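**Q** 3D model of this:
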Amino acid sequence: MVTAVEERIEKVIMKKGGLENTRNIGIIAHIDAGKTTLTERLLFHTGRIYKIGTVDEGTATMDWMPQEQERGITITSACTMCHWKDKKINIIDTPGHVDFTAEVERSLKVLDGACVVFCAVGGVQPQSETVWRQADNYSVPRIAFINKMDRIGANFFAAVKEMRDKLGAHAIPLQIPMGSEASFKGVIDLINMRPIIFGEDGHAVNEKDAQIPEEMKKQASKSRHELIVKLAEVDEAVMDKYVHDQGIYPNELKIAIRRATIANKMVPVFCGSAAKNKGADTLLDAVSDYLPSPLDTSNMKGLNPETGEDIERGVNDKNFSALIFKIMSDPYVGRLAFIRVYSGKLNSGSYVYNTNTQKTERVGKIVRMHANKQEIIKSLSAGDIAAAVGLKNIATGNTICEEEHPVIFESIKFPEPVISMSIEPKTKADRDKLGEVLRKLESEDPTFRVSYNNETGQTLISGMGELHLDVLISRMMVEFNVGANVGKPHVAFKETITRKVESTGKFIQQSGGRGQYGHVEIEMHPGEKGSGITFENEIIGGAIPREFIPAVEEGIEDASKNGLLANYPVTDVKVILNDGSFHEVDSSDIAFQMAASIAFKEGLKKARPVLLEPIMSIEVITPEEYLGDVLGDLSSRRAKIEALDQSHGAKIIRALVPLSEMFGYATVIRSLTQGRATYTMEPSFYQEVPKNITEKVIGTKE
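**A** Below you'll find the predicted structure:
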């Protein structure tokens, strides 16, 4: 339950300014940049927790899953809420590993702002670029925190330069560090031009008469001038004052910085050391001062499902609407639907309408989440994030609203799985439980897919990588107590066509009484990369009645699930339905579905199908003495070296490599470099498989 103190604080906040004092933020970064450690410090400084946990010991508040505690990484995004001064802050701590990138995707969809964490030693790393692009896609305003300033090799200014060079970010430091590595003791606040020293407990010690050390005055003055110049580039009011050589007061600077940050024209940069508890309170001030409230964000765009007209919903709209961005199974209350409310108010016990399923359901109760702990609340207002209990027929990306005022928001787009493995129950008792658990996990995780191979009789599970599937299998066995045997991972190949063809499909059956008649003529074109299967209806003059067109499209979708070469799904094909015929009595949906399926499969035979494989973007950081061995090994894996850089005495190799060549790479790279090299890998695109490899793949499928 929400404590009396927290309830009183929230009432004061709402009275003072309501939504103006609410912040919905995410902590995003590359793996091991220190997101969860930083979140732990934010919760400690706000009084949300009274004992600091650590990731290494498995005691961090936000890493609550057993798999997270064992592995020392964040796997699922976790929500919490805290209060800082006069602000209420909803925080989502997200994973850094690329296998769990969907957690970042769905979090950014509903957040108003983000704090991007960078390592002061590593700078901008591969997954830093990925989460930055994701934030760009959703136009999420950001502040940056350069973490690990106490580490050997920490370089604040190099990290800021990388942000500008690699990310194209208009990154402007609002602080500069006083010392680095073991001598890091505080920061200089460039807005007020005063030093902030971190005490032994990590709290900022603000002495009114404190002066900037003599040896840092020149650097501080130069950095403040750079701050004003760069801010003037994106803010007319500051430009006007700068051009006319007028003084700019600190409060004017803060207003201009907030304006530019919310408009995504600049990224304020801060620094500290989360592990040493330094910089958390100044970062909380920055979240309060510069990141947007729900009032500062654009209205959520949607459609009226009845008329197809565009609709906008915002905090001033009284009609309730919300987006379900995450689903989680709880052993005690069942399914938790995490929602962001965009308009109106949701009361516990009220009924909501799901515009995706067109069903009305009752919200049993509303809970505010603190990692995996639940605090029951009575209602939820626009601009807030919490979880609803009691909704059953739901999926990630569904819109819930009032039935009298329907709206449907754009769903969340997730990447396609790139790796699969077979799974089967260990015992008869596990058989029914396994199916149920797989369905549950599939509903929770949009990048996890379950399919059945008719030819081999195997159940296949697909995901974003070996770690992703390993974690889900571990959850199955530990959390749900289901025994299962799994096969070796294999690549999720795809098939596509290389030339335009025309194809005809007929399904005619006559066996006394009413028969079946369906006849379609289609064109198949190679589609754009990543377009999937696209369908266009160009029937003119009613050669096929309109009511049978959806059945034709469904038949093509079904046929595309199994290709011609090795039974892999077909993708990137544009199908145009341009002719056909029907029978007034014998035509039916099933007949046209079958005819379309026949036409698609016949077309595949003539369209020179090829096999596609997922290509991964890989970055290897290795000591220079092992560079030759690592490059030689990558070349043997069909890697294409894109770049070779130097950083802190190590070599950075950036390359593109087929996923099929990378199984077991972690063990190989350890043995090649005596465990001193590290690597990160993420899906990049699909590419045609070389002919000799195609023959091997087809051979293994036969």
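
**Q** Now do the SS call for the one residue sitting closest to the centre of the chain.
**A** In the chain, the centroid-proximal residue (C-alpha atoms, centre = their mean) is Glu105; its distance is 2.1 Å. Secondary structure assignment for Glu105 (DSSP: H, G, I helix; E, B strand; the rest coil): helix.

**Q** and it, what does it touch?
**A** Glu105 is in contact with Gln134, Ile412, Lys413, Phe414, Pro415, counting by C-beta atoms under 8 Å, 6 or more residues apart in numbering. (Glycine included, C-beta is placed from N, CA and C.)

**Q** Mind checking which of those are in helices?
**A** Gln134 (DSSP state H).

**Q** filter the contacts of Glu105 to the buried ones?
**A** Gln134, Ile412, Phe414 (16 or more other C-beta atoms under 10 Å).

**Q** Among these, show me the least confident.
**A** When the buried ones among the contacts of Glu105 are compared by pLDDT, Phe414 scores lowest at 82.

**Q** Grab the nearest non-local neighbour of that residue.
**A** Using C-beta to C-beta, 6 or more residues apart in numbering and skipping the chain neighbours, the partner closest in space to Phe414 is Pro446 (4.4 Å).

**Q** Look up which residues are beta-bridged to Tyr452.
**A** Thr459 (DSSP bridges).

**Q** backbone phi and psi for Gly199, please?
**A** phi -70, psi -180 (degrees, to the nearest 10).

**Q** how far away is it from Gly122?
**A** 28 Å (C-beta to C-beta, to the nearest Å).

**Q** These two: which has the busier surroundings?
**A** Gly122 (23 against 12; other C-beta atoms under 10 Å).

**Q** contacting residues for the more buried one?
**A** Gly122 neighbours (C-beta under 8 Å, 6+ apart): His30, Ala33, Ser647.

**Q** just the buried members of these?
**A** So, by 16+ other C-beta under 10 Å, the buried ones in those are His30, Ala33.

**Q** Give me the subset of the contacts of Gly122 that lies in strands.
**A** Under the assignment DSSP state E, the contacts of Gly122 contribute Ser647 to strands.

**Q** for the stretch 301-450 of the chain, what spans make up the strands?
**A** 310-313, 321-330, 334-343, 345-347, 351-354, 359-362, 365-370, 373-377, 379-381, 385-389, 399-401, 408-409, 419-425, 449-453 (DSSP state E, counting those that start in this stretch).

**Q** chain center to the third one: distance?
**A** Distance of strand 334-343 from the chain centroid (C-alpha atoms, centre = their mean, to the nearest Å) equals 17 Å.

**Q** now the angle between strand 385-389 and it, please.
**A** Interaxial angle of strand 334-343 relative to strand 385-389 (axes from the mean of the first three to the mean of the last three C-alpha atoms, to 10 degrees): 140 degrees.

**Q** could you say what helices and strands strand 334-343 packs with?
**A** Of the remaining helices and strands, those touching strand 334-343 by 3 or more C-beta pairs under 8 Å, 6 or more residues apart in numbering; DSSP states H and E are strand 321-330, strand 365-370, strand 379-381, strand 385-389.

**Q** Just the C-alpha atoms of that strand, please, in CSV.
**A** Below are the C-alpha coordinates for strand 334-343, written out as CSV (Å, rounded to 0.1, in the frame of the first residue of the first chain):
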residue,chain,number,x,y,z
GLY,A,334,-2.4,-12.9,-12.6
ARG,A,335,-1.7,-10.5,-15.5
LEU,A,336,-0.5,-7.0,-14.9
ALA,A,337,-1.1,-4.6,-17.7
PHE,A,338,1.3,-1.6,-17.6
ILE,A,339,-0.5,1.5,-18.9
ARG,A,340,0.3,5.1,-19.7
VAL,A,341,-2.8,7.3,-19.4
TYR,A,342,-3.0,10.0,-22.0
SER,A,343,-6.4,11.5,-21.2
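
**Q** who does that strand pair up with?
**A** Short version: by DSSP bridges, strand 334-343 pairs with strand 321-330 (antiparallel), strand 385-389 (antiparallel).

**Q** And for the shortest one?
**A** When sheet partners are counted by DSSP bridges, strand 408-409 sits next to strand 300-303 (antiparallel).

**Q** same thing with the fifth one?
**A** Partners of strand 351-354 in the sheet, by DSSP bridges, are strand 359-362 (antiparallel), strand 399-401 (antiparallel).

**Q** what mean pLDDT does the last one have?
**A** In other words, strand 399-401. 93.

**Q** next one: stretch 224-241
**A** Mean predicted lDDT for stretch 224-241 stands at 90.

**Q** And the contacts of that stretch?
**A** 170, 172-174, 190-191, 193, 242-243, 246-248, 252-253, 256-257, 259-260, 263, 265-266.

**Q** do stretch 474-487 as well
**A** 65-67, 421-427, 430, 433-434, 437-438, 440-441, 458, 461, 469, 473.

**Q** List only buried entries from these.
**A** So, by 16+ other C-beta under 10 Å, the buried ones in the contacts of stretch 474-487 are 65, 67, 421-423, 425, 430, 433-434, 437-438, 440-441, 461, 469, 473.

**Q** quick one: which of these is nearest Lys218?
**A** Of all those, Met65 has the smallest distance to Lys218: 49.3 Å, by C-beta to C-beta.

**Q** Verify the contact between that closest one and Ser77 for me.
**A** No. Using C-beta atoms under 8 Å, Met65 makes no contact with Ser77, being 11.3 Å away.

**Q** Packing partners of the longest strand seen in the chain?
**A** In the chain, with assignment by DSSP E, the single longest strand is strand 610-623. Strand 610-623 sits against strand 494-496, helix 627-636, strand 650-658, helix 665-673, strand 678-688, helix 691-701, with contacts defined as 3+ C-beta pairs under 8 Å, 6+ apart.

**Q** buried ones in that strand?
**A** 610-622.

**Q** Compute the inter-axis angle for it and helix 627-636.
**A** Using the same axes, to 10 degrees: strand 610-623 against helix 627-636 is 170 degrees.

**Q** Ranking helices and strands of the chain by mean pLDDT, which lands last?
**A** The weakest-scoring helix or strand in the chain, judged by mean pLDDT, DSSP states H and E, is helix 4-16 (a mean of 48).

**Q** okay, and for the stretch 351-500 of the chain, where does confidence drop off?
**A** 453-457 (pLDDT under 70).

**Q** The stretch 101-250 of the chain now?
**A** 201-209.

**Q** Tell me which stretches of it form helices.
**A** With DSSP state H, counting those that start in this stretch as the criterion, the stretch 101-250 of the chain has helices at 101-110, 126-137, 156-167, 217-232, 236-243, 250-262.

**Q** Any chance of a markdown table for those, columns distance to Leu43?
**A** What follows is these, written out as a markdown table (distance: least, C-beta to C-beta, whole Å):
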| stretch | distance to Leu43 |
| --- | --- |
| helix 101-110 | 17 |
| helix 126-137 | 21 |
| helix 156-167 | 25 |
| helix 217-232 | 30 |
| helix 236-243 | 35 |
| helix 250-262 | 23 |
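
**Q** just checking, which of the ones you listed sits deepest inside the structure?
**A** Counting by mean count of other C-beta atoms under 10 Å, helix 101-110 has the highest mean neighbour count of the helices of the stretch 101-250 of the chain, with a mean of 24.

**Q** Quick check: the gap between the closest residue to Ala182 other than its chain neighbours and Cys271.
**A** Counting by C-beta to C-beta, 6+ apart, Asp150 is the residue found nearest to Ala182 once chain neighbours are left out, at 6.8 Å. As judged by C-beta to C-beta, Asp150 and Cys271 stand 11 Å apart.

**Q** and what of Ser128?
**A** 16 Å.

**Q** Same question for Phe685.
**A** Phe685 sits 35 Å away from Cys271, going by C-beta to C-beta.
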